[in-house]
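Asker: sequence and predicted structure are below.
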Amino acid sequence: MAMNDVEICEDNCIHTDLLEKVRTGLPDEDELYDLAELFKVFGDSTRIRILYVLFQSELCVCDLAEALHMTQSAISHQLKILKQAKLVTGRREGKSVFYALADDHVRSIMDQGREHIEE
């Protein structure tokens, strides 16, 4: 069987008991949409790099740009997306804004993703 081939049922038999179990455990459409939007944020390697840098320490845009060899404008654009997704937070200190991971869930998501690809 080739990698893109998917086997299908030979007869059309509906398993109502299994379907009922599946339907009761399925989140509502709004929640599924929000989850899909969250995972889209992880679909950009620049944002992943920013998150990994922020695992080490909170940093301002200037420091992030230097660490990742990018412009401050490019970093700011990605931080806006990460902040909208509630993955990072910012705090003002004088004229600087320092960014950090929003919570430990961000690290857990990334750790589980790495574990999955390393299997």
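Answerer: Structure received.

Asker: what residues sit buried inside the helix or strand residue 106 falls within?
Answerer: Taking DSSP states H and E as the criterion, residue 106 maps to helix 104-118. Buried residues in helix 104-118, counted by 16 or more other Cβ atoms under 10 Å: 106, 110. Every residue, glycine included, has its C-beta placed from N, CA and C.

Asker: so what touches that helix?
Answerer: 42, 48, 51, 52, 55, 87, 88, 101 (Cβ atoms under 8 Å, 6 or more residues apart in numbering).

Asker: what is the neighbour count of the first one?
Answerer: Spelled out, it's residue 42. Neighbour count for residue 42, taken as other Cβ atoms under 10 Å: 17.

Asker: the last one now?
Answerer: Burial measure for residue 101: 17 neighbouring residues, criterion other Cβ under 10 Å.

Asker: find the nearest non-adjacent residue to residue 67, please.
Answerer: residue 53 (5.3 Å; Cβ to Cβ, 6 or more residues apart in numbering).

Asker: and for residue 89?
Answerer: residue 102 (5.1 Å).

Asker: pretty sure that neighbour sits against residue 88.
Answerer: Yes. Between residue 102 and residue 88 there is a contact under Cβ atoms under 8 Å: 5.7 Å.

Asker: who has more neighbours, those two?
Answerer: When neighbours are counted by other Cβ under 10 Å, residue 102 and residue 88 differ, and residue 88 comes out ahead with 23 against 15.

Asker: give me every residue that touches the more buried one.
Answerer: Contacts of residue 88 (Cβ under 8 Å, 6+ apart): 50, 51, 54, 79, 82, 99, 100, 101, 102, 106.

Asker: please save the CA atoms from stretch 94-111 in CSV.
Answerer: These are the backbone C-alpha positions of stretch 94-111, laid out as CSV (Å, rounded to 0.1, in the frame of the first residue of the first chain):
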residue,chain,number,x,y,z
GLY,A,94,10.8,52.5,31.4
LYS,A,95,11.1,52.8,27.7
SER,A,96,11.4,49.1,27.1
VAL,A,97,8.7,46.4,26.8
PHE,A,98,9.9,43.0,28.0
TYR,A,99,8.2,39.9,26.6
ALA,A,100,7.8,36.5,28.3
LEU,A,101,5.9,33.3,27.9
ALA,A,102,2.3,33.8,29.0
ASP,A,103,2.2,30.6,31.1
ASP,A,104,3.6,27.1,31.5
HIS,A,105,1.1,25.7,28.9
VAL,A,106,3.2,27.3,26.1
ARG,A,107,6.2,25.3,27.2
SER,A,108,4.1,22.1,27.5
ILE,A,109,2.7,22.5,24.0
MET,A,110,6.2,22.9,22.6
ASP,A,111,7.7,20.1,24.6
